[in-house]
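**Q** just the structure for this:
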Amino acid sequence: MLPELTIDLKIIEDNTRELVRLCAERGIGITGVTKVFRGDPEIARAFLAGGVKSLGDSRTENLERMAAAGIDAEKWLIRMPQISRAEECVRAADVSLNSEEETLRALSGAWLRLKAEDPAFADRGPHGVVLMYDLGDLREGWVDRDSLARAAELVRSLPGLELKGVGTNLTCFNFVHPDTEKLTLLADAARSLGADTYVSGGNSATLDLMLRGGIPAGVNMLRLGESLLFGRERAHYAYLPGTRNDAFILRAEIVELKEKPSMPWGEFGVDSYGRAPEHHDRGIRRRAICALGRQDADFETLWTVDPGVEILGASSDHLMLDVTDAERDYRMGDAVELRCGYYALLRAYNSEYVAKRFVR
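**A** I've put the predicted structure just below:
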């Protein structure tokens, strides 16, 4: 059934093994981030087979999905817990990232309630807490050491919680890059608070700094998703040696194939974002329409496998392509193959209209 997303588990496992090796040489462990593929157990198992020891997701539903599939690795909730869903957090996650004292109190209360009321929770140990330290990207975390220290003391005073570490997040909101100075502040904070079991130095954007020898001693963990799936570091969007970027191929069927002018005619308006499209007259071109739309994929992070095929644009349900210079002679009903980037995968995996098929 088309459209279809083909997922090569061997590529993902091999990428993971290479990243685990690179990080282990520098004393750094990996939490494999599963959110982009909704915690699909098949891909989570490929992470584990590649050597990852813990898994992280932003949704408790995905952590529960992996647990129901028998995956017993340590699980992290990597988005700050919602107070309204504190019980779900302590039930589904072994560790959570936190940046609010009120949330910490809610987690402790939820842990106490579950201990008292749920026999299945009786043998569970305390919920692990990693406190987030904002080092300039202005997404989540305390911005000064004193506030971080008060939060650490609060965790130690609350029943059912255990202080496991300190973390930071960079290159995600304001795209501030990690550097040695910032991560030294993180490692120093963890040491001074006695919270150095996990010193989590960020995401795939930290890999470039790591490979240049810039991560200070004490930082012992990264939360990686994009690099495991696509072999790509996030600071400069460079592909990493020894990895592949074609684990996810999206196939879409051609539903119209015609010779058409390249220049539209009539009075021009703006698109759904209020932008006026640019048009260039290239003469008559062979154009294909595929049954795939913005509802199913992000076309700014899709690349055609056939280098002669050009993505012209998309509407909610249609993908427009120029196939004039294609390497093959496309016919009606043929499938065009597209290599996914991170946001294309995010949308495709969340679309119920895109079939998923695993290969090795």
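
**Q** how about the contacts made by Asp281?
**A** Under the criterion of CB atoms under 8 Å, 6 or more residues apart in numbering, the contact partners of Asp281 comprise Pro261, Ser262, Met263. Where C-beta positions appear, they are placed from N, C-alpha and C, glycine not excepted.

**Q** Tyr198: which of these is nearest?
**A** Distance to Tyr198, by CB to CB, is smallest for Ser262 among these, at 54.5 Å.

**Q** please verify my assumption that the closest one contacts Arg286.
**A** No - in this structure Ser262 lies outside contact range of Arg286 using CB atoms under 8 Å: 10.3 Å.

**Q** shared neighbours, those two?
**A** With CB under 8 Å, 6+ apart applied, the overlap between the contact sets of Ser262 and Arg286 consists of Asp322.

**Q** could you tell me which residues within stretch 54-61 count as buried?
**A** With burial defined by 16 or more other CB atoms under 10 Å, the residues of stretch 54-61 counted as buried are Ser54, Leu55, Gly56, Asp57, Ser58, Arg59, Thr60.

**Q** and the residue sitting furthest away from the middle of the chain, which of the three is it?
**A** If you look at how far each residue of the chain sits from its centre, by CA atoms, centre = their mean, the farthest one is Gly266, at 42.0 Å. Put simply, Gly266 is coil when judged by DSSP: H, G, I helix; E, B strand; the rest coil.

**Q** what's it sitting at in phi/psi?
**A** As for Gly266, its main-chain torsions (degrees, to the nearest 10) stand at phi 110, psi -170.

**Q** gap between it and Met320?
**A** Look at Gly266 and Met320: by CB to CB, to the nearest Å, they are 17 Å apart.

**Q** go ahead and confirm Ser200 touches Lys164.
**A** No - using CB under 8 Å, Ser200 is not in contact with Lys164; the gap is 9.6 Å.

**Q** of these two, who's got more company?
**A** Using other CB atoms under 10 Å, the more surrounded residue of Ser200 and Lys164 is Ser200, with 30 against 22.

**Q** pairing partners for the nearest residue to that one once chain neighbours are set aside in the sheet, please.
**A** Taking CB to CB, 6 or more residues apart in numbering as the measure, Ser200 lies nearest to Gly167, with 3.4 Å between them; neighbours along the chain are not counted. Beta bridges link Gly167 to Met132, Ser200, judged by DSSP bridges.

**Q** look at Gly167 and report its pLDDT.
**A** Per-residue confidence for Gly167 comes out at a pLDDT of 98.
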